[in-house]
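[1] My questions are about this predicted structure, shown below with the sequence.
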Amino acid sequence: VINLEDPQAVYGAVMKRVGQKKYLQKPFTDIMQRMLLLPLDREVGYKKWLAIEKVFHYLSNPNKEEIIIDANTKIDVEELLMSTEGSIVVEAERDKLFEEKVKLEDKMKTSVNDLRVQLNEKNEQFANFEKDYNQKMKYKMEEEVSNTVKQKLNECIE
């Protein structure tokens, strides 16, 4: 049960509902940002807040087909909703591009990690090669020194 008189409780309930719908997060955030910009004075600000309240009242009521501004001015809700089609198409394209970007970033991370593994393997192979090479060179030098010493000894003995 939500205490509809408590703005924090109402906001929390709206956040919970919107948070479950990814596609609503951007418009919700935009509405909240614009609310921060509304004036708070009694002369103009209060009237704007009341106008928003009136529009929200009509839009949230499924039985209302028109937003009645005054006796002479009405806005057809269906026409108003049709005016959002362009935004929906743009948002769909934005979401598609964002998903492609995320996939590419993930692919890049995977590729970078794979390359790191390959580089580490090559570094290890190189280190092992150098170790073996140095060991062989040491053995060869020791053998050459030993042969040279043997030869000199033989020369001295003869």
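    The structure has been received and is ready for your questions. Numbers count the residues shown, from 1 in each chain.
[2] Show me the residue at the heart of this protein, geometrically.
    When C-alpha atoms, centre = their mean is applied to the chain, the residue found nearest the centroid is Val102 (6.8 Å).
[3] Quick check: the gap between it and Lys109.
    Distance, Val102 to Lys109, by C-beta to C-beta, to the nearest Å: 11 Å. (C-beta placed from N, C-alpha, C; glycine too.)
[4] all strands for this protein, in order.
    66-70, 73-76 (DSSP state E).
[5] I'd like to know which elements the top helix by length along the chain is packed against.
    Longest helix in the chain, counting residues (DSSP state H): helix 85-157. Here helix 85-157 touches helix 22-37, going by 3 or more C-beta pairs under 8 Å, 6 or more residues apart in numbering; DSSP states H and E.
[6] Between helix 85-157 and the helix it packs on, find me the angle.
    110 degrees (axes from the mean of the first three to the mean of the last three C-alpha atoms, to 10 degrees).
[7] Return the distance of helix 22-37 from the chain's centre.
    18 Å (C-alpha atoms, centre = their mean, to the nearest Å).
[8] Mind listing what's buried along that helix?
    Phe28 (16 or more other C-beta atoms under 10 Å).
[9] For the chain, which element, helix or strand, carries the lowest mean pLDDT?
    strand 66-70 (a mean of 89; mean pLDDT, DSSP states H and E).
[10] got the contact list for that one?
    Lys54, Val55, Tyr58, Leu59, Lys74, Ile75, Asp76, Val77, Leu80 (C-beta atoms under 8 Å, 6 or more residues apart in numbering).
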